[in-house]
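**Q** Any chance you could fold what I've pasted below:
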Amino acid sequence: MVKRFYAAVDVRAQESGFVVTLDGRPVRTPLGASLVVPTRGLAGAIAGEWAAQQDRVRPETMPLARLAIAAIEGLGSDREAAVERMLAYAETDLLCYRAHGPADLVARQETNWRPLLDWIKGACGVPFVVTSGVMPVAQSLTTLLALRAALEPFDKTEVAALASATVATGSIILALALAAGCVDADEAFAASMVDEMFQAERWGEDAEAVARRRTLHREIQAAATFLDLVR
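**A** Down below sits the predicted model:
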């Protein structure tokens, strides 16, 4: 954290997109690149994060700015590497690994996850292999190629948000469903927490787990907002 060093926050259009300015100077990423985003709506939301800072600048309260920085510095021109990392989640996608028991958890997983598996099958034209237990199962090459094709329309700015949603939910299926509007942020979060909430209901809450869930919920909400604003 650093002390707030600016008074005025604004948005300025330029040829390559929109930048947030602090006292008239463009915001730059930690590595010195210009923080340029493709839409005025996203720039305005990021400007709102900067304007909301009080005596100190707290990066953890600026999720949209952090996603924009990830798109510029984390991906750079290497969108394909980010896509590969997302595709790796297909092999261990949360929605494909079911519990052996108890029966009410198995039923809860089926109720929450089957519609999403049916949706991705319809959207991509391929099924996912579903198993019980934690032993990994391989998804077919056809499925992986279909997922790659589904990611093709997204540019690197959108991929940054999709990657964040994939990591936060543990599921590339949930990330794609979020981007498609099949689920909203709260629904994606709830689907990703089926197992954890079942255990919390049975054994009680843990303060560290509650804090972790809040963080993941915020990350999923930020990814959903980012995707809405970047289009």
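**Q** quick check: longest helix of this protein.
**A** Taking DSSP state H as the criterion, the chain has its longest helix at helix 207-230.
**Q** could you say which helix or strand contains the residue nearest to residue 180 when sequence neighbours are not counted?
**A** Distances taken as C-beta to C-beta, 6 or more residues apart in numbering place residue 123 nearest to residue 180, at 6.9 Å, with adjacent residues excluded. For the C-beta atoms, the positions are set from N, CA and C on the backbone; glycine is no exception. Assigned by DSSP states H and E, residue 123 belongs to helix 103-124.
**Q** Can you point out the buried residues in that helix?
**A** Burial within helix 103-124, assessed by neighbour count using 16 or more other C-beta atoms under 10 Å, is assigned to 105, 108-109, 112-113, 116-117, 119-120, 123-124.
**Q** Please state the offset of the helix or strand bottoming out on mean pLDDT in the chain from the chain centre?
**A** Lowest mean confidence among the helices and strands of the chain (mean pLDDT, DSSP states H and E): helix 79-88, at a mean of 91. Distance of helix 79-88 from the chain centroid (C-alpha atoms, centre = their mean, to the nearest Å) equals 14 Å.
**Q** following it, which helix or strand comes up?
**A** Going down the chain from helix 79-88, the next helix or strand is strand 97-98, by DSSP H and E.
**Q** which residues touch that following strand?
**A** Strand 97-98 is contacted from outside by 106, 109-110, 130-134, using C-beta atoms under 8 Å, 6 or more residues apart in numbering.
**Q** which one among these gets closest to residue 8?
**A** residue 109 (50.6 Å; C-beta to C-beta).
**Q** is it true that residue 89 touches residue 166?
**A** Yes - Residue 89 lies in contact with residue 166 (C-beta atoms under 8 Å); the separation is 5.3 Å.
**Q** Kindly report the domain assignment for the protein.
**A** As recorded under automatic domain parsing, the domains making up the chain are 2-75, 79-230.
**Q** List the buried residues for stretch 57-69?
**A** 57, 62-69.
**Q** Equivalent analysis for stretch 67-82, please.
**A** Buried, per 16+ other C-beta under 10 Å, within stretch 67-82: 67-72, 74-75, 79, 82.
**Q** start to end distance for it?
**A** 13 Å (C-alpha to C-alpha, to the nearest Å).
**Q** Touching it from outside, list them.
**A** Contacts for stretch 67-82 (C-beta under 8 Å, 6+ apart): 29-31, 33, 35-37, 42, 46, 155-157, 159-161, 163-164, 222-223, 226.
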